[in-house]
Structures are given as structure tokens and as C-alpha cells.
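**Q** predicted coordinates and the sequence they were generated for:
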Amino acid sequence: MSGSKRHKNTPLARAQQCLAAGRWAEAERFFQQAAKGRAELPTALAGLANALRRQGKHDEARKTITAAVARFPDNADCHAEAGLLAMTNRQPAQAEASLRQALTLDPAHVRAAVSLSQLYLIHNDLSKARAVLTQARSHVPDNNDLTRECARLCAREGMLTEAAHLYAQAARIDPSNPDLLFEYATILRVRGDHDQAIEHFKRAIDLKPSLIEAKAGLADSLESLGLTDEAQAVVDNCMASKETHPALADIAGRIAKRTGNISATLQYIDLTLARTRNDPGSRSSRAYVLFRAGALNEQRAEYDKAFDCYRQANATYPADFNVAQYTNTIDQLIETFSPANLPSMARSDNDSPMPIFIVGMPRSGTSLVEQILASHPDVHGAGELEDFARLAIGLGTRYNLPTPYPACVRSLTDEQANELAAHHLARLSDISNASPRVTDKLPHNFSHIGLISRLFPGAKIIHCVRHPVDVCLSCYATPLSPAHNYSNRLTHLAQAYSQYRRLMDHWHAALDDTEILDVEYEAVVADQEGWTHRLLEFCDLPWHDECMRFYETKRVTRTASMDQVNQPIYTSSVHRYKNFEKHLGPLIDGLAEWM
């Protein structure tokens, strides 16, 4: 028998094969056998803890890996597995320490680098994730797992073109990996490359028919191309075979909103929720399904049932909005950009008209306004860009300033202001599709209007306003990102809204040389043509009839308003709150001064 065959039949090799195949119990048995051989003991113990962890035997895994780390403190595999177990047990500090120790011992330890990056992504610390991956790739530049993790990071950073490029690179190396193909297809779908997305979703499903998330993505892309019957067929096949997944329930609900097949879809949603009730890992995805169930019940005027779904969805999130901290942030912005400070603050002389900022509360009409403007041939609608917010938050670090943002803006020089403006314009130019104007509709850029005024004196800022209770209810009934953690409790919504209005009142009063146009959602709905004229005139754009037919514009919309901007203006969202008024007491009371 050859040496290579003997190696493949060792207990350790067989254990690792079982681990890769997802046969955890078999892997556990073989790792226990391997642990009897001293030469392979550290690797075998780390693998045994891995197999135990994957079976949910966390106490046994902890005892095994604790003993392994104590006995082999210089073994990177043992520290890496200790970190993974701590991640599983939601012990982030311990996980970070163990994974960093693994990388100290072995800077090329791919599993530790990928896991540490994922830990930072969970906690939204993208800069640390980027640093970990950059360091690891300097040691193993061609590792496909690291390439894939970099693609995930780019996706989180909103760098979808870069993410797609990295996923394509990884898929060329590993073309038979269904999970990788699914992730790649998902990025293509989010970018609006639905034809390619459909191709890759289908390949992933062919390789792994049980990959129901890929079936959900396939249905989503088909629906986005207007192939509703084909999308419905994918959903129907899964319903018939009782395959459930929150992502599939979500797209089923989206299709039902168009087709009216609400009763059967709600039954499927109920089945999905029942099957995931005791799964703590599906908390976020369950919330999405509950939001969708609420929308379907609302569509058929079952308002009490709808609100109960919205309440359950929001209750899955922690009530961790810190109103004192948020108020302090607004205080700092108002103090930094006060009328007394503004004259002495640095200011760019960049007069580029390219940036158009569309700001306001989420769900205030920012998507509608952007779609109207993006229907103009001279405007590229870039959607919700994180770039300016990242630029603002990173100022202190970038220039080694003595204070963090926003106070550090007072330390900027004119030269630095010009450099920042040029940097941001270069980014806009890269994504502009050669259009002379680019819209950025990240709603919470209202926090950065002071900095915008210093970097882009010629920028146009459009402030979208909507009835206070309507906009807050819409936030409550929508699965917003974790950055909007005020949106899952009615009292927190009222508090956040009040601080937003306080800041906007300050900008209007203090920045008298900055052009800010207030656009009321209700006014646009009542007089689309009149407000389209006003928007174009404000942005120094000539009239184009296409802006009146914004719903015919072929562009990707990735926000919660995607259905709205793909159809003519409708009035059903005006005074929507009246259907839920009896449930909104804390919200209405908290918004009294703004009514």
C-alpha cells in the first residue's frame, strides 16, 4: 500500500473528510481515535471540539478545547477552535482574543482570519475586518477562502462591483461550490444583473437541490425582470413540497402583493414561522417574514392583524436605542457647526455641481425623489451610498486630528477640505456612468449637512419631509438596517424623529448660504408635475418628460421602496397612520410638537 493511501486512511484524515462532508458524529468518532496518537494530538483535539460544537454539544466542546489550549498553548488550531466556540456562544471578547492569538502564532491561519473577519462583520466593525483580511492575504494571497471573505466584506461596504469581481474570481477556482455560487448570484441580483444571477442561481440549485435560499433568490430575480409567472412557479414548487425558508416566504409575499394570492401565501408564511420558532439563528429572517405578513394583512384591510405582525417583527430586535447618546450626537453637531464657529471653519473651493444629496428620515420619499431625478438623462441615481458617511466618521483618523467627528471638522485646513472634496468626487465619477450629476439618497446624511456645506459649496441638498406619524409608522412597518435601531419601538421613533427635526431646523437657520430644498411627500403626490418642475429647476436641470414617467426608468432600486418607484404615484400612503391610530398612542403623544 502506498504512503499516500495510508495517509488517506488514517483516523485524522477520515475525520477531516467527515467534517468537510458535514457528517459531524462520524467526524467526532474518528477524531477521538486520532487523539490517541500523540503526533496528531493537537490537531485531533481541535477537530474533535469542532465536531462537538457543530453537533450542539457545547459543554463537551468547551472542556475539550480548554484542555487542548492549556496543554498546547502554541498551537494555532486549538486557539482558532476556541475562538469559534466563543463566537457560537456569543462571547465576542473571548472569541476575538482566541482568534488573534491563533493569528499571532500563525499569520497564515486562514480559518482564524476568516472567522475573525466574520466576528467583526457581525459587530459592524468593517475597518477591523478589512485589516485582518489584508494582513492574511499578504501571507496567503491566492487562498480562495480569503478571496470569498473579501467579497463578503466588499458587499457589506456597498462596493458591489468589487464584490462581484472577487466572487467571479473565487467561482472560477471553485466552480462546483453551490454555496459560493449562491453568494455570487446574490450579489449579481442586488446589482441588478438579473440574467447572470438567474444563471448562477440555477447552477447552484443543480449542484445542491436542497439549497432553498437559491430558489428564493431565483424567484426574486425572475420577479424583478417582470417574469412573475415563472417566479410564482418556483415558489409554488417549494410550497407543494413543503420546503420552507424565510427568504422564500419573503419573496412569496412580495409576489402575492402583486398577484393578490394572499391567503395561500399567508398560510405558507405561518408554516415557515412555525418551523423557525425555536431557532435563535433565524431571528432576523423571521422578522422579515413577519413584516411581509403585516404588509399582506394591511393590503386586505386586516389592520389589527397587520399591526400585530409589525409588533412581533419589531419585538425580535433589542430595544437598545440610546436616546441620551443620540441627543448628545445632535448637540455636538449643532455646537460644532454653530453660527459662531462656521466663519472660521475650513471650506473647499470646489464648485462642482455633480453631487445631489437627498436626505430625510427613512421612508420619507427619498426613493421617489431620486427616481424622478434619475429619469433625467443627465442624472445617475446612485442609491444609498455609504461613502460620505464613512468619509465623515473617518476624518479624525485620516488626518490624525485631536478630536473625533464632528468636532474634528474645526481642525481641518482648506487644503484638506479640497482634498476630501476631490476624493469624494472621484468616487462619484467612478460610479456615474458618465453622467454629470449623481444623486446620493442615504437618508441619514442629514447628519452631515454641515460637512457637506464645507466640502461642496455648490451641492444641492433635497430634504424629504413626510407627515410625522406616517413616516414613523412606515419605519416601524419596514425592516430597516441595524443602523436605524430607533425604529423598532414607537417611543424611540418619536424621540429620534424629534432630534432629527431639531437638527434640520438648525441647518436651515445656520447654513444660510447652503441650498436646501424641503420637499413634502404629500405635496409631490398631489402635484407630481409641479414638483417635478421645482426639483429640476432647483438642480439646474432642463425639463425632460421622462421624469414624469419615472416608473418606466430601468434602474436598480435596492431600498424598501422598490415596489413604489416601479409604478405610477399613488395616494394610499398618505395618512396611512389613520388605519392604525388606536395602536399608535405612544408615537402620537411623542410627536405632538411636530403635528
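**A** Yep, that arrived. Numbering: from 1, shown residues only.
**Q** the protein: strands as residue ranges?
**A** Along the chain, counting by DSSP state E, strands occupy 355-360, 379-381, 437-440, 460-465, 516-520.
**Q** dump those into TSV; add mean pLDDT as well.
**A** Shown next, in TSV, are the strands of the chain (pLDDT from 0 to 100):
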stretch	mean pLDDT
strand 355-360	98
strand 379-381	95
strand 437-440	96
strand 460-465	98
strand 516-520	97
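**Q** mind showing which ranges of the stretch 151-300 of the chain have poor pLDDT?
**A** The model of the stretch 151-300 of the chain has pLDDT under 70 over residues 280-281.
**Q** correct me, but residue 573 touches residue 471?
**A** No: contact criterion C-beta atoms under 8 Å: residue 573 and residue 471 do not qualify, at 9.9 Å. Glycine gets a C-beta too; all of them are placed from N, C-alpha and C.
**Q** quickly list what's touching both of those two.
**A** Between them, residue 573 and residue 471 share these contacting residues under C-beta atoms under 8 Å, 6 or more residues apart in numbering: residue 521.
**Q** of those two, who's got more company?
**A** Just comparing residue 573 and residue 471: by other C-beta atoms under 10 Å the higher neighbour count belongs to residue 471, 26 against 22.
**Q** pull up the per-residue confidence for that one.
**A** pLDDT for residue 471: 97.
**Q** check contacts around it.
**A** So residue 471 contacts 361, 362, 363, 364, 497, 521 (C-beta under 8 Å, 6+ apart).
**Q** try 7 Å this time
**A** Counting by C-beta atoms under 7 Å, 6 or more residues apart in numbering, residue 471 makes contact with 361, 363, 364.
**Q** which among these gets closest to residue 81?
**A** Nearest to residue 81, judged by C-beta to C-beta, of the contacts of residue 471 is residue 363 at 43.9 Å.
**Q** and for residue 57, the neighbour number?
**A** 16.
**Q** and what of the one 3 residues further on?
**A** Burial measure for residue 60: 16 neighbouring residues, criterion other C-beta under 10 Å.
**Q** tell me who's in contact with residue 194.
**A** Here residue 194 is in contact with 221, 224, 225 (C-beta under 7 Å, 6+ apart).
**Q** you'd agree residue 510 is up against residue 339?
**A** Yes: taking C-beta atoms under 7 Å as the definition, residue 510 is a contact partner of residue 339 at 5.2 Å.
**Q** between these two, who's got more neighbours?
**A** Higher neighbour count among residue 510 and residue 339: residue 510, with 19 against 11, using other C-beta under 10 Å.
**Q** give me the pLDDT for that one.
**A** pLDDT at residue 510 comes out at 97.
**Q** and it, how far is that from residue 337?
**A** Distance from residue 510 to residue 337, counting by C-beta to C-beta, to the nearest Å: 6 Å.
**Q** same deal with residue 441?
**A** Counting by C-beta to C-beta - residue 441 and residue 337 are separated by 22 Å.
**Q** and the two? which has more neighbours close in?
**A** A direct count of neighbours by other C-beta under 10 Å for residue 441 and residue 337 places residue 441 higher, at 29 against 23.
**Q** all helices of the stretch 151-300 of the chain, in order?
**A** Along the stretch 151-300 of the chain, the segments classed as helices by DSSP state H, counting those that start in this stretch run 160-173, 178-191, 194-207, 212-224, 228-240, 246-259, 262-275, 283-299.
**Q** re the thing from before, mind putting the strands of the chain in TSV, mean neighbour count and distance to residue 198 included?
**A** Below are the strands of the chain laid out as TSV (neighbours: other C-beta atoms under 10 Å; distance: least, C-beta to C-beta, whole Å):
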stretch	mean neighbour count	distance to residue 198
strand 355-360	26	31
strand 379-381	24	24
strand 437-440	24	28
strand 460-465	23	34
strand 516-520	18	37
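**Q** save those strands as a markdown table, and put in distance to residue 70 too.
**A** Below are the strands of the chain laid out as a markdown table (distance: least, C-beta to C-beta, whole Å):
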| stretch | distance to residue 70 |
| --- | --- |
| strand 355-360 | 55 |
| strand 379-381 | 57 |
| strand 437-440 | 53 |
| strand 460-465 | 59 |
| strand 516-520 | 62 |
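**Q** and those strands: which comes nearest residue 15?
**A** Judging the strands of the chain by C-beta to C-beta, what sits closest to residue 15 is strand 437-440, at 51.6 Å.
**Q** show me what that closest one is in contact with.
**A** If you take C-beta under 7 Å, 6+ apart as the criterion, strand 437-440 is touched by 353-358, 370, 373-374, 378-382, 385, 388, 428, 432, 539.
**Q** returning to that earlier point: right, and the helices of the stretch 151-300 of the chain - which one's nearest residue 402?
**A** Comparing the helices of the stretch 151-300 of the chain by C-beta to C-beta, helix 160-173 comes nearest, at 33.2 Å.
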